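Colleague: using only what follows, build the 3D model:
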Amino acid sequence: MSTAPAAHATTRSAEEQARFERGLREMFEQHISFNQLLGLKIVSLQPGDVRGRFAMKPELVGHFTYGRLHGGVISSVLDAMAGLALMVAIAERHPQESAAQVMHRFARMGTIDLRIDFLRQGLGQHFDASAKVTRLGGRIGSAQMALHNDGGELIATGAASFVVS
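Modeller: Prediction:
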């Protein structure tokens, strides 16, 4: 019985991986203006552990009497985190590519479906968002997301699909 030789994928060097992570962080936090408006910052870019955080501020309030986070902010943050998780997964899928090559792959990404379940009022001083890829195909990627307040309460969950090709 003969077997095919094992495929040896070259991996991105530590320097090139650091370049990718810096570029992704810069794009996400500085070049996407809406993320700046939200104050969304990356906490973790590890595959399977993509997290972000943002502080409550008056511009994000949806109900002025109660000071609750606007539902559109919740949706936007979870959408952004899903996209970020998929970007990390795409980079992992193409370890032989340079940071610039991987970043170029993101030019055609876009949300095609987004579902948000609002579970509790958006009350807190800051909020933590996370996303995990559930499927990454050649053309479509999917993720599940969660948003917690500073007390650890689950505020909302979501599921999203993106065009990734």
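
Colleague: where do the helices sit along this protein?
Modeller: Along the chain, counting by DSSP state H, helices occupy 14-26, 33-38, 71-93, 99-105.

Colleague: quick check: which of those helices is buried the most?
Modeller: Neighbour counts (mean count of other Cβ atoms under 10 Å) averaged over each of the helices of the chain peak at helix 71-93, with a mean of 22. The way it works is simple: take the backbone N, C-alpha and C, and place the C-beta from them, glycine included.

Colleague: chain center to it, what's the gap?
Modeller: Relative to its chain's centre, helix 71-93 lies at 2 Å (Cα atoms, centre = their mean, to the nearest Å).

Colleague: try stretch 128-142
Modeller: 9 Å.

Colleague: how about it: buried residues?
Modeller: Neighbour-count burial for stretch 128-142 flags 128, 129, 130, 131, 132, 133, 136, 141, 142 (criterion: 16 or more other Cβ atoms under 10 Å).

Colleague: pass me the low-pLDDT residue ranges in this protein, would you?
Modeller: The chain contains residues with pLDDT under 70 at 1-10.

Colleague: if we go to 90?
Modeller: For the chain, the stretches flagged by pLDDT under 90 are 1-12, 63-64, 108, 165.

Colleague: which parts of it are strands?
Modeller: 41-46, 49-55, 61-63, 68-69, 110-118, 126-136, 140-149, 154-163 (DSSP state E).

Colleague: re the thing from before, okay, the helices of the chain in a markdown table with distance to residue 59 next?
Modeller: Shown next, in a markdown table, are these (distance: least, Cβ to Cβ, whole Å):
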| stretch | distance to residue 59 |
| --- | --- |
| helix 14-26 | 23 |
| helix 33-38 | 7 |
| helix 71-93 | 9 |
| helix 99-105 | 29 |
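
Colleague: which of the buried residues of stretch 128-142 sit farthest apart?
Modeller: Greatest spatial distance in the buried residues of stretch 128-142: 128 and 136, 23.5 Å, computed using Cβ to Cβ.

Colleague: adding distance to residue 75, write the strands of the chain out as CSV.
Modeller: As requested, those are exported to CSV (distance: least, Cβ to Cβ, whole Å):
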stretch, distance to residue 75
strand 41-46, 18
strand 49-55, 13
strand 61-63, 11
strand 68-69, 11
strand 110-118, 5
strand 126-136, 11
strand 140-149, 10
strand 154-163, 7
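
Colleague: no further queries at this time; thank you.
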